[in-house]
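[1] no sequence for this one, just the structure:
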């Protein structure tokens with residue numbers, strides 16, 4: 001979800017460039033669309049909606065975000081999708097996690113276990129755990 005694009009590419013992120021899963025094409029398209037956007041206006045976030053439903057009628061939905069800033073060029077070899085161009089906010093600044101060890105790094109430049117611990121997906125699914133636990137014990 002890119003701020004200056006009013007939330008686009010949104011749920012169409014994997015096929016933003018026309019073909020599903022062409023990471024290089026989606027990165028190139030997004031970077032071209034943002035080419036004249038200054039750093040202070042390159043806010044973005046990874047978003048995940050996670051849900052669970054059971055045959056007995058239990059339903060729960062949670063949402064997770066990983067806010068950050070879009071870089072002007074891909075950096076790093078890890079991850080997938082938009083990882084090479086998103087610099088997570090939480091790893092930068094005065095209150096950076098991991099004592100700033102990963103400051104300035106894209107999601108593709110940090111270890112997978114670090115990225116996964118702060119990811120939008122982890123947050124959404126972690127938020128479901130108490131609801132699932134409560135449903136199992138009621």
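    Perfect, thanks for sending it. Everything numeric in this text was worked out from a predicted model, so none of it was measured.
[2] which parts of this structure are strands?
    Counting by DSSP state E, the segments of the chain that form strands are 43-53, 59-70, 86-88.
[3] out of these, nearest to residue 79?
    Residue 79 lies closest to strand 86-88 among the strands of the chain, at 9.1 Å (CB to CB). Every C-beta, even on glycine, is put in place using the N, C-alpha and C of the backbone.
[4] phi, psi of the nearest residue to residue 9 once chain neighbours are set aside?
    Residue nearest to residue 9 in three dimensions, not counting chain neighbours: residue 16, with 4.0 Å by CB to CB, 6 or more residues apart in numbering. Note on residue 16: its backbone torsions stand at phi -60, psi -30 [degrees, to the nearest 10].
[5] isn't residue 16 up against residue 24?
    No - between residue 16 and residue 24 there is no contact, the gap being 11.9 Å when judged by CB atoms under 8 Å.
[6] partners of residue 47 in the sheet?
    Beta bridges link residue 47 to residue 65 when assigned by DSSP bridges.
[7] residue 34: how many residues sit nearby?
    Other residues near residue 34 come to 19 when the count uses other CB atoms under 10 Å.
[8] ok, it - contacts?
    2, 4, 42, 70, 72 (CB atoms under 8 Å, 6 or more residues apart in numbering).
[9] show the buried residues in these.
    Buried members of these, scored by 16 or more other CB atoms under 10 Å, are 2, 42, 70.
[10] how about the last one, nearest residue that isn't a chain neighbour?
    Spatially, and ignoring its direct neighbours in sequence, residue 70 is nearest to residue 42 (4.3 Å; CB to CB, 6+ apart).
[11] pLDDT below threshold where in the protein?
    For the chain, not a single residue meets the criterion pLDDT under 70.
[12] residue for residue, what is the longest helix it has?
    If you go by DSSP state H, the chain has its longest helix at helix 120-137.
[13] measure the residue nearest to the spatial centre of the chain to residue 117 for me?
    Residue closest to the average C-alpha location in the chain (CA atoms, centre = their mean): residue 46, at 2.4 Å. Here residue 46 is placed at a distance of 14 Å from residue 117 (CB to CB, to the nearest Å).
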